[in-house]
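Peer 1: take a look and give me a structure for this.
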Amino acid sequence: MQEKQQEFSFVYSVVRSLFSFNLYVLFLVLAFCSFYSAQESFSYDYIFYIGYFDAIQKMQLEDIFFSLQSNLPFIYVSIPPSGLLEVGFVLFVRALFFITESPELVYALIATISLMTRVFIMRRLGINWAWIVLINIYAITLFEANAIRAGCALTLIIFGGYCLLKDRKLIGFALLVSSTAFHVQAAFVFCFFCFFWLFYNFFNQSALKLALTGIGLGVSGLVVDKALALLNVSKMEDYSGKYVASVGINSISMAGILLVGVFFYKVVSSRKYVLESMDLEGRTLLPFLISSVPALSALVFATSLGAIGDRLWQFSFVVFSVFMLRVRIRDDFRYILYLLLFLCLFISNINVLIRYPLSNFLYPLIPYINIVPKF
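Peer 2: Predicted coordinates:
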């Protein structure tokens with residue numbers, strides 16, 4: 001009987017491994033084909049990035065570093081005719097032009113590498129395929145299909161978190177630092193993560209300290225509103241001072257408040273149990289989860305910054321979702337969290353795919369939209 005059970009277990013593990021591998025290959029092929037076959041109406045940002053890539057291809061390394069030096073302390077490189085891109089992303093693009101001269105192929109390679117690395121890390125974190133698909137449909141639509149720099153930065157953040165969970169601190173922090181050189185938005189998560197990682201032993205000593213930390217971060221959007229408005233960055237002018245319906249109190253922010261609020265209610269009310277379930281991983285997981293709260297607060301309160309709060313939460317929401325699914329809450333409360341996460345993803349995906357479609361990545365699964373860039 002025991003031998004039969006062992007044989008069954010072996011066969012099951014082989015079949016499961018083959019299934020995961022086949023899904024991964026299918027993901028890779030479909031993603032690359034979709035990105036490489038993209039046309040001008042693929043997304044709002046696609047055609048602009050193709051233009052930027054063409055300009056980067058003509059730049060010499062001396063030009064890149066001279067532009068970087070002139071833009072310090074911000075790590076932007078000026079790309080003709082009027083683009084400002086982070087230096088890490090520019091160097092990555094420039095390196096890929098040693099392989100091919102096609103800007104379209106470079107875009108497809110970057111988007112596919114970013115997506116498939118993120119999918120691979122999520123599987124290594126133990127996240128099942130259903131969640132991977134739901135989260136990445138949202139992430140692809142916003143990032144790889146549009147703000148591709150943010151997609152690369154998001155992948156580096158998740159990869160860095162995975163390395164820290166495996167106690168590879170040097171590699172983990174190197175990846176987190178490099179994420180800020182791909183998109184400055186990653187610095188928001190990185191700075192908060194570092195602060196709470198350093199002071200982890202202080203704020204998790206008692207439920208009261210943890211609760212006060214959560215409440216303080218919950219209203220931090222008011223501070224973010226003022227602080228970001230003081231930064232003299234031309235990128236801010238694209239978003240600030242323009243009210244958009246995506247910020248303030250709406251279905252996205254209410255669903256986010258429910259998800260984050262209920263999660264931290266569980267952490268505070270069952271602090272010892274939750275921290276024990278996370279074991280040594282709590283030192284990495286909890287700071288990542290807490291660092292997402294200021295972005296949600298910015299979404300709700302920093303309305304004068306226009307779409308900035310929305311952009312911060314979109315990025316942080318994916319980070320929160322990935323690392324929340326790693327937390328092992330073993331009682332039935334986890335099903336409430338799963339339901340709330342599904343609700344957030346459902347609303348978010350409906351918004352970016354149907355109500356305000358941002359890309360044609362999923363065509364022909366959803367109708368083709370004739371997207372016309374606005375700028």
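
Peer 1: ranking helices and strands of this protein by mean pLDDT, which lands last?
Peer 2: Across the helices and strands of the chain, mean confidence by mean pLDDT, DSSP states H and E is lowest for helix 221-230: a mean of 58.

Peer 1: show the subsequent helix or strand relative to it.
Peer 2: helix 251-269 (DSSP states H and E).

Peer 1: name the helices or strands packed onto the helix or strand containing A130?
Peer 2: Taking DSSP H and E as the criterion, A130 maps to helix 129-139. The contact analysis (3 or more Cβ pairs under 8 Å, 6 or more residues apart in numbering; DSSP states H and E) places helix 129-139 against helix 103-124, helix 307-324, helix 333-350. For every residue, glycine as well, the C-beta is placed using N, CA and C.

Peer 1: mean neighbour count, mean pLDDT and distance to V177 added to the ones you listed, as a markdown table?
Peer 2: As requested, the helices and strands packed on helix 129-139 are exported to a markdown table (neighbours: other Cβ atoms under 10 Å; pLDDT from 0 to 100; distance: least, Cβ to Cβ, whole Å):
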| stretch | mean neighbour count | mean pLDDT | distance to V177 |
| --- | --- | --- | --- |
| helix 103-124 | 20 | 96 | 17 |
| helix 307-324 | 24 | 90 | 16 |
| helix 333-350 | 17 | 94 | 28 |
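
Peer 1: for I140, which of these is the nearest?
Peer 2: helix 103-124 (6.2 Å; Cβ to Cβ).

Peer 1: put the alpha carbons of that closest one into CSV.
Peer 2: What follows is helix 103-124, C-alpha atoms only, in CSV (Å, rounded to 0.1, in the frame of the first residue of the first chain):
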residue,chain,number,x,y,z
PRO,A,103,12.5,48.8,-32.2
GLU,A,104,9.4,46.6,-32.4
LEU,A,105,11.4,43.5,-31.5
VAL,A,106,13.2,45.2,-28.7
TYR,A,107,9.8,46.2,-27.2
ALA,A,108,8.5,42.6,-27.6
LEU,A,109,11.7,41.3,-25.9
ILE,A,110,11.6,43.7,-23.0
ALA,A,111,7.8,43.2,-22.4
THR,A,112,8.1,39.4,-22.6
ILE,A,113,11.2,39.2,-20.4
SER,A,114,9.6,41.4,-17.8
LEU,A,115,6.3,39.4,-17.8
MET,A,116,7.7,35.9,-17.8
THR,A,117,10.3,36.7,-15.1
ARG,A,118,7.4,38.0,-12.9
VAL,A,119,5.3,34.9,-13.7
PHE,A,120,8.2,32.6,-12.9
ILE,A,121,8.9,34.3,-9.5
MET,A,122,5.2,34.2,-8.6
ARG,A,123,5.2,30.5,-9.2
ARG,A,124,8.3,30.2,-7.1
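
Peer 1: related to what we said a few turns ago, how about the helices and strands packed on helix 129-139 in a markdown table, adding distance to V90?
Peer 2: Conversion of the helices and strands packed on helix 129-139 to a markdown table gives the following (distance: least, Cβ to Cβ, whole Å):
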| stretch | distance to V90 |
| --- | --- |
| helix 103-124 | 12 |
| helix 307-324 | 20 |
| helix 333-350 | 30 |
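
Peer 1: wait, which of those is closest to I157?
Peer 2: helix 307-324 (6.0 Å).

Peer 1: and the angle from the closest one to helix 251-269?
Peer 2: 40 degrees (axes from the mean of the first three to the mean of the last three Cα atoms, to 10 degrees).

Peer 1: before we move on, the earlier item: who wins for proximity to A150 among the helices and strands packed on helix 129-139?
Peer 2: Proximity to A150 (Cβ to Cβ) singles out helix 307-324 among those, at 6.2 Å.

Peer 1: so what does Y76 look like in phi/psi?
Peer 2: Y76 adopts backbone torsions of phi -100, psi 150, taken as degrees, to the nearest 10.

Peer 1: list the buried residues for stretch 38-58?
Peer 2: Within stretch 38-58, the residues scored as buried using 16 or more other Cβ atoms under 10 Å are 38, 41-47, 49-50, 52-57.

Peer 1: quick check: which ranges of the chain have low pLDDT?
Peer 2: Low-confidence segments of the chain (pLDDT under 70): 1-20, 204-247, 271-279, 302-306, 374-375.

Peer 1: redo that, cut-off 80
Peer 2: For the chain, applying pLDDT under 80 flags the ranges 1-22, 82, 200-249, 267-280, 301-309, 328-331, 372-375.

Peer 1: could you list the domains of it?
Peer 2: According to automatic domain parsing, the chain is divided into the following domains: 21-183, 185-358.

Peer 1: same list (those) but as a markdown table, adding distance to I366.
Peer 2: A markdown table is the format used below for those (distance: least, Cβ to Cβ, whole Å):
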| stretch | distance to I366 |
| --- | --- |
| domain 21-183 | 10 |
| domain 185-358 | 6 |
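
Peer 1: for I371, find the nearest of those.
Peer 2: domain 21-183 (4.6 Å).

Peer 1: any idea how far apart the tips of the closest one sit?
Peer 2: 31 Å (Cα to Cα, to the nearest Å).

Peer 1: show me how far that domain is from its chain's centre.
Peer 2: 11 Å (Cα atoms, centre = their mean, to the nearest Å).

Peer 1: F65 and I75, how far apart?
Peer 2: 11 Å (Cβ to Cβ, to the nearest Å).

Peer 1: who has more neighbours, those two?
Peer 2: Remark: of F65 and I75, I75 carries more neighbours, 18 against 13, as counted by other Cβ atoms under 10 Å.

Peer 1: the more buried one reaches F89, doesn't it?
Peer 2: No - the criterion here is Cβ atoms under 8 Å, and I75 misses it with F89 at 9.9 Å.

Peer 1: need the residues touching each of the two.
Peer 2: Shared contacts of I75 and F89 (Cβ atoms under 8 Å, 6 or more residues apart in numbering): A181.

Peer 1: residues near the residue nearest to Y200 when sequence neighbours are not counted, how many?
Peer 2: Counting by Cβ to Cβ, 6 or more residues apart in numbering, the nearest residue to Y200 once its immediate chain neighbours are dropped is R283, at 5.4 Å. Look at R283: counted by other Cβ under 10 Å, it has 18 neighbours.
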